[in-house]
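J.: missing the sequence, but the structure's below:
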């Protein structure tokens, strides 16, 4: 009993990788092949043994490796533009070590337990006159031995000058002010 023939499907990435490897190998074979001497250009005479250069004069340098405009060379150029440069193993390990160090530092920052503390610290007035409770939370946390904090709860109270207590005196707008206090903060 004969069944249906099975199709063989090659993923595009696998095929692309195989072609890239083939191009690299063919490029290496092409580079290792000895180059034949190019024929002289028309109208130029070759040097004969009678016209040998003098001993003090230097021989002309051999021409630089001429580019072979073949298919393999063109494929190599294409892959050179498409594929990222290949790193050496030591560079790859250095990159991995740097990433692991960054990840470890991020985890250590996350691993520090945050502690909720209570107290009463005034929020100083900012430039525009509004209370700056971030600075108040930092002050509360620093008084408990932590580095910084975030305000969780705040309380407000009216603070008045003693002049308000004088009997019969009219209260003026600048006699009292409202102060804001941080009462609980999350510290790190």
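T.: Happy to help now that I have it. Bear in mind that the values here come from a model prediction, so they are computed numbers and not experimental data.
J.: how about residue 171, secondary structure?
T.: Secondary structure for residue 171, judged by DSSP: H, G, I helix; E, B strand; the rest coil, is coil.
J.: can you check the pLDDT for the nearest residue to it once chain neighbours are set aside?
T.: Leaving out its chain neighbours, the residue that sits closest to residue 171 by Cβ to Cβ, 6 or more residues apart in numbering is residue 164, at 6.0 Å. In short, each C-beta sits where N, CA and C put it, glycine included. Among the per-residue scores, residue 164 shows a pLDDT of 87.
J.: wait, what's in contact with residue 164?
T.: By Cβ atoms under 8 Å, 6 or more residues apart in numbering, residue 164 lies in contact with 171, 175, 176.
J.: and if you look at residue 141?
T.: Residue 141 is in contact with 117, 147, 148, 149, 185, 187, 188, counting by Cβ under 8 Å, 6+ apart.
J.: re earlier: which of the contacts of residue 164 sits closest to residue 24?
T.: residue 176 (82.1 Å; Cβ to Cβ).
J.: now do the buried residues in the biggest helix by length in the chain.
T.: Assignment by DSSP state H gives helix 89-111 as the longest helix of the chain. Within helix 89-111, no residue is scored as buried using 16 or more other Cβ atoms under 10 Å.
J.: what's that helix packed up against?
T.: Applying 3 or more Cβ pairs under 8 Å, 6 or more residues apart in numbering; DSSP states H and E, one finds that helix 89-111 contacts no other helix or strand.
J.: C-terminal to that helix, what's the next element?
T.: Following helix 89-111 in sequence order, the next helix or strand is strand 115-122 (DSSP states H and E).
J.: just checking: what are the partner strands of that next one?
T.: Strand 115-122 pairs in its sheet with strand 176-187 (antiparallel), by DSSP bridges.
J.: and the partner strand, what's buried?
T.: 180, 181, 182, 183, 184, 185, 186, 187.
J.: quick check: the farthest pair among these?
T.: Greatest spacing in the buried residues of strand 176-187, by Cβ to Cβ: 180 and 187 (18.8 Å).
J.: in contact with residue 144, which residues?
T.: Residue 144 touches 115, 117, 119, 187, counting by Cβ under 8 Å, 6+ apart.
J.: what do you get if the cut-off is 7 Å, keeping everything else the same?
T.: Neighbour list for residue 144: 117, 187 [criterion: Cβ atoms under 7 Å, 6 or more residues apart in numbering].
J.: with residue 120 instead?
T.: By Cβ under 7 Å, 6+ apart, the contact list for residue 120 reads 181, 183.
J.: so how far is residue 88 from it?
T.: Distance of residue 120 to residue 88, computed by Cβ to Cβ, to the nearest Å: 60 Å.
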